[in-house]
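1. I would like the atomic coordinates for the input below:
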Amino acid sequence: MARVPAPVTVTTTVDREGRPWGFTASSFSSLSLEPPLVLVCVGRTASVHRAFTTARCFLVNVLAADQADVAARFAARGTDRFAAGDMERCELGLPGLADAAVRVACRLHDVLDGGDHSILVGRVEATHTGPQTPLLHYDRSWCRPVDAHPGRPAHRAA
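-> Numbering: from 1, shown residues only. As a prediction, the model looks like this:
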């Protein structure tokens, strides 16, 4: 799967006591158009697992190409992932990145067994799309799409 490009996301929530939680994931995908559903996967042994599987809602921040440092911070263990102060209150009142390429706010629709991961199925409640080029994970590193101009025809080799 390392050779399959994927968006890099930081998914956030707030628990019932008001504490923010977040993690980095590249396992984010559209699931259904009607109703509008997306999925993101969280490891069963992750420190954030319980917070997300019991959450009422969550926010998927699709990171911009210049936010690899944010991805690394939210993937690290034993650190205060929110200490940098770059999160602000966004859709559904959840912590988010104002300059994320895309934000997708969801109500937790279901939690499914995905082996060593839990699959969070979210019903999309709100979205925000910015002008930024997204950060991708490909071949075990961060990268950006080469042709970052949606709607233009792809260049073909002669």
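2. CA only for contacts and neighbour counts going forward, please
-> Noted.
3. so when I look at residue 72, I'm seeing a helix, right?
-> Yes: under DSSP: H, G, I helix; E, B strand; the rest coil, residue 72 falls within a helix.
4. what's the neighbour count on it?
-> Number of residues near residue 72 (other CA atoms under 10 Å) recorded here: 14.
5. Tell me who's in contact with the residue nearest to it when sequence neighbours are not counted.
-> Once flanking residues are discounted, residue 72 sits nearest to residue 24: 7.7 Å by CA to CA, 6 or more residues apart in numbering. With contacts defined as CA atoms under 8 Å, 6 or more residues apart in numbering, residue 24 is in contact with 8-11, 71-72, 74-75.
6. Kindly recompute the last result at 6 Å.
-> 9-10, 71, 74-75 (CA atoms under 6 Å, 6 or more residues apart in numbering).
7. Which one (most neighbours) among those?
-> Of all the contacts of residue 24, the highest neighbour tally under other CA under 10 Å goes to residue 9, namely 31 neighbours.
8. what's near enough to touch that residue?
-> Shown in contact with residue 9 (CA under 6 Å, 6+ apart): 24-26, 61-63.
9. try residue 13
-> Going by CA under 6 Å, 6+ apart, the list of residues near residue 13 reads 20-21, 58.
10. Can you name the element that comes right after the helix or strand containing it?
-> Using DSSP states H and E, residue 13 falls within strand 9-14. Once the chain leaves strand 9-14, the next helix or strand it forms, by DSSP H and E, is strand 20-25.
11. Send me that following strand as CSV with only the CA atoms.
-> Coordinates of each C-alpha in strand 20-25 appear next as CSV, following Å, rounded to 0.1, in the frame of the first residue of the first chain:
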residue,chain,number,x,y,z
PRO,A,20,-9.2,18.0,22.5
TRP,A,21,-7.9,14.8,20.8
GLY,A,22,-6.2,14.3,17.4
PHE,A,23,-4.3,11.9,15.3
THR,A,24,-2.6,11.8,11.9
ALA,A,25,-4.1,9.4,9.3
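12. following it, which helix or strand shows up next?
-> Strand 20-25 is succeeded, C-terminally, by strand 28-32 (DSSP H and E).
13. so who does residue 134 touch?
-> 63-65, 101.
14. ok, how many other residues are close to residue 32?
-> Neighbour number of residue 32 under other CA under 10 Å is 12.
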